[in-house]
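Q: from the sequence below, what's the structure:
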Amino acid sequence: MGCDSCGTSGQPAGCQNNGNCLTEGCNKSNTFDWLADIPVAEEDTFNIHELSFKEGSTKAFYRNDKNLDLTTGDFVVVEGNPGYDVGEVSLSGELVRLQMKKKSVRETSEDVKSILRMASDNDMANMKEARRAEKEMLVRGRAIIGQLDLDMKLSDIEMQADHKKAVFFYTADGRVDFRDLIKELAREFKVKVEMRQIGPRQEAGRIGGIGDCGRELCCSTWLSDFKSVSTSAARYQNLSINQEKLSGQCGRLKCCLNYELDTYLDALEDIPKEANKLLTKKGTVYLQKTDIFKRLMWYSYPEDSTTTSYCLTVDQVKQIQAMNQQNEYPEELVSQQQTEKKEQEEESEEFGDVVGEVNLSTLEKSSKARSNKNKHKGQGRGKRKKRNRGGNHH
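A: A predicted model of the protein is given here:
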């Protein structure tokens, strides 16, 4: 977020760790305002703001008809249906227009309600009380669903700050007749009840959690566009098809399987096709594994009791494939490791290994020779100095 435009003067609200918690979980799905420091004329300011509710679990667009001076992080009171609600300004300016275009929301839509006023201390207290009441309502609501024997799961509840309406988020495999449930919930909690069905991935995003990577779930922090993930994405990346390891907390395939898929597909274009077996004069070798980015492929003879694997480069495999098409077969496979080892041996022979060829006596002789040479030089200098002194005396 752009700290210059933040209503909290750069200090994050929420856990009060001032950005040191490293989780960035005070508000889900934050939007970075990269236009915050660009000045805009007042008459050109876009009067629709993006607001987040329940720490980013829900986002919506609201019109600033009263021209309030709003910045990111401000809490405002907005129209509800019925009553009112309290939300936090998460985005302002031209980026809101882009977000509305991305989510196919028209500026003249009736769903874009108005911002009424800035939130007071009393409004904030009511909102916090509503958040505390949601936990008890969730437990009681699940008990009522169990009593009615409905095939559904209550995932989350979001209550308005005025305590007049509550949205119940649930997951279900099929259609559920919850008319009796709505009556029971309305009678129990004395609020207007709205049932909203969500998918398993949306449920994981609302509840949150820690993934196998040790970080917060992508769907609960920044990921809002859920694309389909298939097992072919795992096959392209040479991952074992283990449903338990490939599934996220939602029970579906992990969204992160798609993150590097395009990179693997580009690298796979250079890997030879139909290279599961190669023919040699010794016999047929079969492909065991492939390192896509190192461009290495491992082959082995099925009748080889030593289970020796031959590491070939992609160029070597293509060369053998071309030979097989012409009914030509190499004598035997030359592994890439063998080639590198041979090159290293040639380099070592070229430079030579002198370890062990020089002994201590050789070093002592060379040391004595140097000392004797230096001694003779010193004596020669002394004689010249004496002759010079004698010449000056006469």
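Q: for Tyr84, grab the count of nearby residues.
A: Neighbour count of Tyr84, defined by other C-beta atoms under 10 Å: 18. Where C-beta positions appear, they are placed from N, C-alpha and C, glycine not excepted.
Q: does it have beta-bridge partners, and which?
A: Here Tyr84 sits in beta bridges with Glu79, going by DSSP bridges.
Q: where does pLDDT dip in the stretch 201-350 of the chain?
A: For the stretch 201-350 of the chain, the stretches flagged by pLDDT under 70 are 305-306, 336-350.
Q: walking through it, point out its helices one by one.
A: Using DSSP state H, counting those that start in this stretch, the helices of the stretch 201-350 of the chain run over 231-236, 243-246, 261-268, 314-325, 336-351.
Q: cool, and the stretch 1-150 of the chain?
A: 94-102, 121-148.
Q: neighbouring contacts of the shortest one?
A: Outside of helix 94-102, the residues that reach it under the criterion C-beta atoms under 8 Å, 6 or more residues apart in numbering are 31, 33-35, 40, 46, 48-50, 61, 91, 106-107.
Q: buried residues, that helix. List them.
A: By 16 or more other C-beta atoms under 10 Å, the buried positions in helix 94-102 come out as 95-96, 99-100.
Q: now for those residues: which two are most distant?
A: Pairwise distances across the buried residues of helix 94-102 peak at 9.8 Å for Leu95 and Met100 (criterion: C-beta to C-beta).
Q: CA atoms of stretch 88-105 as CSV?
A: Extracted C-alpha coordinates of stretch 88-105, given in CSV (Å, rounded to 0.1, in the frame of the first residue of the first chain):
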residue,chain,number,x,y,z
GLU,A,88,-12.7,0.2,5.4
VAL,A,89,-11.5,2.1,2.4
SER,A,90,-9.1,-0.3,0.6
LEU,A,91,-8.6,1.6,-2.7
SER,A,92,-9.3,5.0,-4.2
GLY,A,93,-8.8,6.9,-7.5
GLU,A,94,-8.4,5.6,-11.0
LEU,A,95,-7.4,2.1,-9.9
VAL,A,96,-11.0,1.7,-8.7
ARG,A,97,-12.2,2.3,-12.3
LEU,A,98,-9.8,-0.5,-13.5
GLN,A,99,-11.0,-2.8,-10.8
MET,A,100,-14.7,-2.2,-11.7
LYS,A,101,-13.8,-2.9,-15.4
LYS,A,102,-12.0,-6.1,-14.4
LYS,A,103,-15.0,-7.3,-12.3
SER,A,104,-17.6,-6.1,-14.9
VAL,A,105,-19.3,-3.7,-12.6
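Q: ok, Leu51 to Gly208 distance?
A: Leu51 sits 20 Å away from Gly208, going by C-beta to C-beta, to the nearest Å.
Q: neighbour count: those two, which is higher?
A: The residue with more neighbours, out of Leu51 and Gly208, is Leu51; 23 against 17, by other C-beta under 10 Å.
Q: how many neighbouring residues does the nearest residue to that one once chain neighbours are set aside have?
A: Nearest non-adjacent residue to Leu51, counting by C-beta to C-beta, 6 or more residues apart in numbering: Gly87, 3.7 Å away. Using other C-beta under 10 Å, Gly87 is surrounded by 24 other residues.
Q: I'd say Gly87 and Tyr62 touch.
A: Yes. Look at Gly87 against Tyr62 with C-beta atoms under 8 Å: they come within range, at 7.4 Å.
Q: buried residues in stretch 153-169, which are they?
A: Buried-residue list, stretch 153-169, by 16+ other C-beta under 10 Å: 154-169.
Q: most widely separated two among those?
A: Using C-beta to C-beta, the two most remote members of those are Ser155 and Asp162, lying 23.1 Å apart.
Q: run through the strands of the protein in chain order.
A: Taking DSSP state E as the criterion, the chain contains strands spanning 48-53, 58-63, 75-79, 84-91, 113-118, 153-159, 165-171, 192-197, 277-279, 284-291, 296-300, 309-313.
Q: dump the residue contacts of Leu287.
A: Leu287 makes contacts with 275-277, 297-299, as judged by C-beta under 8 Å, 6+ apart.
Q: now a ChimeraX select for only the buried ones of those.
A: Restricted to buried positions by 16+ other C-beta under 10 Å, the ChimeraX selection for the contacts of Leu287 reads:
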select :275,297,298,299
